[in-house]
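S.K.: below is the sequence, then the predicted model.
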Protein chains: 2
Amino acid sequence: MLDQTIDLDRTFQALADKSRRTMVERLTLGPASVSELAEPLAMSLAAVVQHVQVLEACGVVKTEKVGMTRMCRIERAAITAAEQWITDRRRGWETRLDRLGDVLNEVATNEEKP
Amino acid sequence: MLDQTIDLDRTFQALADKSRRTMVERLTLGPASVSELAEPLAMSLAAVVQHVQVLEACGVVKTEKVGMTRMCRIERAAITAAEQWITDRRRGWETRLDRLGDVLNEVATNEEKP
DNA sequence: CAGACACTTAAGTAAGTACTTGACTATAGT
DNA sequence: ACTATAGTCAAGTACTTACTTAAGTGTCTG
């Protein structure tokens, strides 16, 4: 429960960076090495490694060393938790707006035949 | 287009904080003043105002001054954009996994009757 | 074995975040 | 008019982030 809060913090934080989102987008196409992730980004490899560490720390990606390359792949759970949080909120305000709509309809109906 | 990237940065950044998520959760129940948002949070009013400013800067909430209170309400577009980004990624990796599933099924079928 | 390759680690830096306190400014009620 | 309320503004501070460069460490390839 408390852990989930921490993970949401870290997951949203991880997604709050264009470079990391680019990496995630690449990884949705399939696993990739660190240098493959680095390829479209204008920064040092060391910086990319640090971004990978951020993504790994929040559980959005998992990595595994194969020979001299580190293969990265996306891990569904963490990112899904973030999606779920937003979806739950949206559901909240949508049902509220539905109820508001009902009330407005009722008022309108009552005004039509007073 | 470029703006959208900036907005996603800011929106995810905004959601990467427990206090701000608490505020958003409160606001999904309906509009609230700054002090109402502050009530469950262990920090100064000034700090809460700053959080509200962050949420407003990324478009997740809109505010309006009514008398001496500032009323805040949630604004769907920005937060929906964030949700959409995740949903699009998930759709990406799900279709990829589906294709992988197809390939595996095909392999399995071929192995059954070689 | 030599050299290239793919990271890895460490240390440093500039900018950004999340607060704080304290002084101030408009309302609103009595 | 007097005072409480609800917020606003400006500094200041401790901490974190997103990089950088430079010097390693294992892992192939010829």
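M.R.: Nice, thanks for sending it over.

S.K.: roughly how far does the closest residue to DNA strand D within chain A sit from chain B?
M.R.: Nearest to DNA strand D, among the residues of chain A, is A:Gly67, at 2.5 Å (CB to the nearest atom of the strand). Yep, even glycine has a C-beta here, placed from its N, CA and C like the rest. From A:Gly67 across to chain B, the span is 23 Å (CB to the nearest CB, to the nearest Å).

S.K.: what's the answer for A:Gln53, then?
M.R.: Distance from A:Gln53 to chain B, by CB to the nearest CB: 17 Å.

S.K.: what about that residue, which helix or strand?
M.R.: Per DSSP states H and E: A:Gln53 is located in helix A:45-57.

S.K.: can you give me the buried ones in that helix?
M.R.: For helix A:45-57, a neighbour-count test (16 or more other CB atoms under 10 Å in any protein chain shown) marks A:Val48, A:His51, A:Val52, A:Val54, A:Leu55, A:Glu56 as buried.

S.K.: burial count for the residue of chain A closest to DNA strand D?
M.R.: The number of residues packed near A:Gly67 is 6, by other CB atoms under 10 Å in any protein chain shown.

S.K.: let me know the pLDDT of it.
M.R.: Looking at A:Gly67, its pLDDT reads 95.

S.K.: give the contact list for the nearest residue to A:Ala38 once chain neighbours are set aside.
M.R.: In this structure, A:Ala38 finds its nearest non-sequential neighbour in A:Val48, 4.1 Å apart by CB to CB, 6 or more residues apart in numbering or on different chains. With contact set as CB atoms under 8 Å, 6 or more residues apart in numbering or on different chains, A:Val48 has these partners: A:Ser19, A:Met23, A:Val34, A:Ser35, A:Leu37, A:Ala38, A:Leu41.

S.K.: which one of the buried residues of helix A:45-57 is nearest to A:Asp88?
M.R.: The closest of those to A:Asp88 turns out to be A:Leu55 (CB to CB; 23.3 Å).

S.K.: what's the spacing between that closest one and A:Val49?
M.R.: 11 Å (CB to CB, to the nearest Å).
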